[in-house]
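[1] The sequence and its predicted three-dimensional model are supplied below.
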Amino acid sequence: MSYEAISIKEIVSMISNNEVYLPAIQRKFVWSHEQIERLFDSIMLGYPIGTFLFWTVNKEKVNDYKFYKFIQNYHERDKYLNDPAPWPEMKEKIIAVLDGQQRLGSLFVALQGSYAYKKPRARWENDEAFPKRQLCFNILHNVRGEEDETTFQFKFLTEREMEERNEHTFWLPVKKALLWKDANDFISFAAEHNLLANKTAIDNLTLLWQRITQDDVINYFEVEEDDLDDVLDIFIRVNSGGTVLSKSDLLFSTIVSSWEEARSEIESLLKTLNGKGDGFNFDNDFVMRACLVLTDCPVLFNAKNFKKSNVHKIKSEWSNIKRSLLKTLDLLVEFGFSKENLISRNSIIPIAYHVFKGGSLQKEDKSNIRKYLIASLLKRIFGGKGDQVLEAIRNAMRMKKADGYVLRKDEFSFKTLRFAKLPAGKTLRFAEEDLENLFEHEKGPYTFMVLSLLYPHLKLGQVKFHQDHVHPYSKFRRNSLKKLGLDEQKQNEWIVMRDTLANLQLLEGGQNSAKNGKPFKEWIQDQSNVCDINHYKQVHYIPDVDLDFSNFEEFYEKRKELMKSKFLEIMNA
């Protein structure tokens, strides 16, 4: 391994000439325009921008691996993924970037291309919301304000914006610096724009030219290894010490090295999954772990389990894996889940396993699937030892046959999972202490889960339902509570109780707006014109007590008992 240094101009030229590529083990370009602007400020200040790690791949090995080109014209919506490197463009020897992709990608975009990001408050579907911008340098800026984060002024601007000129502003596209062969060229530029007498302009132009074309800013180590496993080991060792890549990114590299299309396939699947319903936030980690579980590979999330034979199995089952995950997401949407309340993505993998293995999805199955999902989330069984929990649940669901694993039962059996032995003493059963804990949760994802189970008749995937305070939020102001004769301690207790389960219900958006801050006793009497009050009370677990706000504490305790009883009845059915 050797240590060398070259200029920014040299490395940008090498990328342009198809001598430098990104190996498939790298992730997509993610740096924001602000990060790129700060990078150039650091370069101008002479700060080190980190060491790079390059892998030299010789002619006889070039075609053994998958490589990607650097993005030249980045577009936040339409062009954020790297294109595969076409085989005819590959040189006899190339350099693959193992560490420094984001920094080099930023230099290339800034000095050879453009960066189109969405304007604030503009709509994503509007093409005009993503104007093409070039990195520009204000060569007349020489004062660092007290609140400035940077010394030099770099900014991505549209063509119209870069035309702004006054005594303190002259925007120069930074890529022009690459065209200046010597000092005479930028002096001529200054003369052409009547800037020769401006010391700030001359100093800035000189420094920009020096940093971009003359100084050896790119310090790198170069390795030559023929075996991909050795390269992956170097890659993981280099990256695992920082925050450049997550564990899933590192393991993803082993999939891509054996299955070229994995990156585009998983990106496409994630885009579809995350676009379901009100949106989700699944990632590579989730898809890769799901692949291991669904294909009956070892579940432990490490590089060894993504060996070639397992990746081949995943590749051959990919269409079925996609179908199972998409169908599972449709169920989640039907249950009213989204990224806002799905607090564990791994919790849905057993559901996908059931679908993958051809399990039934009749009405009763859906009911049991929802009970499993909500129980697993409420009991947080995937928090810690998640891989082992997935393996234990999968073992409870399957049995071995001569030609592989099959489901023990065609129907989804929540009862089986409730009594499954899970690691670290975890269980899907609810003890009295668990029930009490449920009623301490404040309005949010956990309260939604319980309420969605207690309101099984609601079509949560079709109509937007709100978590509504039964006794309105506005009644719990301290002045109001003081008028009821409550001391400070009791006021605090009521304020805490206000936002917990026993004072929450699910109401359709229109109903919730109409109810607003009206006292509950008045509001429910008004409903006598539009519904059967007794039926309403039964559906919403309203106890047979005085519903005046002054009786809130008795109402709260009685309603909690009704809800707890119904919750256990549903879970134990």
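    Sure thing, it's come through. Quantities reported herein were computed from a predicted structural model and do not represent experimental measurements.

[2] all strands for the stretch 451-573 of the chain, in order.
    Counting by DSSP state E, counting those that start in this stretch, residue ranges of the strands within the stretch 451-573 of the chain are 465-469, 504-508.

[3] lowest-pLDDT helix or strand in the protein?
    helix 509-515 (a mean of 59; mean pLDDT, DSSP states H and E).

[4] number of nearby residues for residue 292?
    Residue 292 is flanked by 23 other residues according to other CB atoms under 10 Å. For the C-beta atoms, the positions are set from N, CA and C on the backbone; glycine is no exception.

[5] elements contacting the longest helix seen in the chain?
    Using DSSP state H to assign secondary structure, the helix with the most residues in the chain is helix 552-572. When contacts are defined as 3 or more CB pairs under 8 Å, 6 or more residues apart in numbering; DSSP states H and E, helix 552-572 sits against helix 363-378, helix 432-438, helix 445-454, helix 488-498.

[6] Under the pLDDT cut-off, which ranges of the stretch 151-300 of the chain? List them.
    Low-confidence segments of the stretch 151-300 of the chain, defined by pLDDT under 70, span residues 225-251, 253-254, 257.

[7] can you give me the helices in it?
    183-192, 199-209, 228-239, 247-258, 262-274, 284-294 (DSSP state H, counting those that start in this stretch).

[8] so which of those helices comes closest to residue 533?
    Nearest of these to residue 533, taken as CB to CB: helix 262-274 at 42.6 Å.

[9] Break the protein into its domains for me.
    For the chain, whose domains are defined here by automatic domain parsing, the residue ranges read 2-220, 246-429, 460-572.

[10] that older thread, what angle separates the longest helix of the chain from helix 488-498?
    In this structure, helix 552-572 runs at an angle of 40 degrees to helix 488-498, with axes from the mean of the first three to the mean of the last three CA atoms, to 10 degrees as the basis.

[11] residues of helix 552-572 that come out buried?
    Along helix 552-572, these residues count as buried under the neighbour rule (16 or more other CB atoms under 10 Å): 552, 555-556, 558-560, 562-564, 567, 571.

[12] related to what we said a few turns ago, just put the helices and strands packed on helix 552-572 in CSV and tack on mean pLDDT.
    Listed next are these as CSV, based on pLDDT from 0 to 100:
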stretch, mean pLDDT
helix 363-378, 96
helix 432-438, 90
helix 445-454, 94
helix 488-498, 94
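
[13] So the nearest residue to residue 264 once chain neighbours are set aside: helix, strand or coil?
    With sequence-adjacent residues excluded and distances taken as CB to CB, 6 or more residues apart in numbering, residue 264 is closest to residue 81, at 7.7 Å. Recorded secondary structure, residue 81: coil (DSSP: H, G, I helix; E, B strand; the rest coil).

[14] in terms of contact, does residue 81 touch residue 266 like I think?
    No: taking CB atoms under 8 Å as the contact criterion, residue 81 and residue 266 are not neighbours in contact, 11.5 Å apart.

[15] Between those two, point out the one with more neighbours.
    Taking residue 81 and residue 266 together and counting by other CB under 10 Å, residue 266 has the greater number of neighbours (22 against 13).

[16] measure the nearest residue to the more buried one once chain neighbours are set aside to residue 36 for me?
    Leaving aside its sequence neighbours, residue 266 sits nearest to residue 287 (CB to CB, 6+ apart; 5.3 Å). The span separating residue 287 from residue 36 equals 29 Å under the rule CB to CB, to the nearest Å.

[17] before we move on, what about residue 77?
    Going from residue 77 to residue 36 by CB to CB gives 18 Å.

[18] Looking only at neighbour counts, state which of those two leads.
    Between residue 77 and residue 36, counted using other CB under 10 Å, residue 36 has the larger neighbour count: 22 against 14.

[19] if I look at that one, how far off is residue 109?
    If you go by CB to CB, the gap between residue 36 and residue 109 works out to 7 Å.

[20] Mutual contacts of the two, please.
    Counting by CB atoms under 8 Å, 6 or more residues apart in numbering, the shared contacts of residue 36 and residue 109 are 115, 135.

[21] Residue 221: neighbouring residues, count only.
    Per other CB under 10 Å, the neighbour tally for residue 221 reads 17.

[22] Apologies, that question was intended for residue 353.
    Other residues within reach of residue 353 by the criterion other CB under 10 Å amount to 24.

[23] Let me see the contact set for it.
    With CB under 8 Å, 6+ apart as the criterion, the residues that contact residue 353 are 293-294, 324, 394, 397-398.

[24] Please repeat the previous calculation with a cut-off of 6 Å.
    For residue 353, the residues meeting the contact criterion (CB atoms under 6 Å, 6 or more residues apart in numbering) are 293-294.

[25] Could you look up the SS state of the residue nearest to residue 354 when sequence neighbours are not counted?
    With CB to CB, 6+ apart as the criterion, residue 354 has its nearest non-adjacent residue at 5.3 Å, and that residue is residue 412. Assigned state for residue 412: coil (three-state reduction, three-state DSSP).

[26] and residue 412, how many neighbours does it have?
    Using other CB under 10 Å, the number of residues around residue 412 comes to 26.

[27] Wait, it touches residue 365, no?
    Yes: in terms of CB atoms under 6 Å, residue 412 counts as a neighbour of residue 365; the distance is 4.4 Å.

[28] Spit out the residues that contact those two alike.
    Taking CB under 6 Å, 6+ apart as the contact rule, residue 412 and residue 365 touch no residue in common.

[29] sorry, back to before: make TSV from the strands of the stretch 451-573 of the chain and add mean neighbour count, mean pLDDT and distance to residue 520 to it.
    As requested, these are arranged in TSV below (neighbours: other CB atoms under 10 Å; pLDDT from 0 to 100; distance: least, CB to CB, whole Å):
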stretch	mean neighbour count	mean pLDDT	distance to residue 520
strand 465-469	20	88	9
strand 504-508	20	88	10
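
[30] Find me the pLDDT at residue 103, would you?
    The model reports residue 103 with a pLDDT of 95.

[31] Can you tell me the closest non-neighbouring residue to it?
    residue 49 (6.1 Å).

[32] now do residue 92
    Once flanking residues are discounted, residue 92 sits nearest to residue 59: 4.1 Å by CB to CB, 6+ apart.

[33] Relative to residue 93, how far out is the one you found?
    Taking CB to CB, one finds residue 59 at 6 Å from residue 93.

[34] Looking at these two now, which is surrounded by more residues?
    For residue 59 versus residue 93, the count of surrounding residues by other CB under 10 Å is larger for residue 93: 14 against 11.

[35] unless I'm mixing things up, that one is touching residue 61, no?
    No: the pair residue 93 and residue 61 fails to qualify as a contact (CB under 6 Å) at a distance of 9.5 Å.

[36] got a list of what residue 313 touches?
    Counting by CB under 6 Å, 6+ apart, residue 313 has contacts residue 295.

[37] so residue 495 makes contact with residue 475?
    No: using CB under 6 Å, residue 495 is not in contact with residue 475; the gap is 10.7 Å.

[38] Comparing the two, which residue is more hemmed in?
    Each of residue 495 and residue 475 has its neighbours counted (other CB under 10 Å); residue 475 has more, 18 against 14.

[39] how many neighbours does the spatially closest residue to that one that is not a sequence neighbour have?
    The shortest distance from residue 475 to any non-neighbouring residue, by CB to CB, 6+ apart, is to residue 549 (5.2 Å). Residues lying near residue 549 (other CB under 10 Å) number 18.

[40] Quick check: residue 549 vs residue 559, distance?
    Plainly put, residue 549 is 14 Å away from residue 559 if you go by CB to CB.

[41] again, but for residue 489
    22 Å.

[42] Count the neighbours of residue 30 for me.
    Around residue 30 sit 10 other residues, with neighbours defined as other CB under 10 Å.

[43] Mind telling me what element it is part of?
    Secondary structure here is read from DSSP states H and E; on that basis residue 30 sits in neither a helix nor a strand.

[44] which residue packs closest to it, ignoring adjacent ones?
    What sits nearest to residue 30 in space, not counting adjacent residues and going by CB to CB, 6+ apart, is residue 102, at 6.7 Å.
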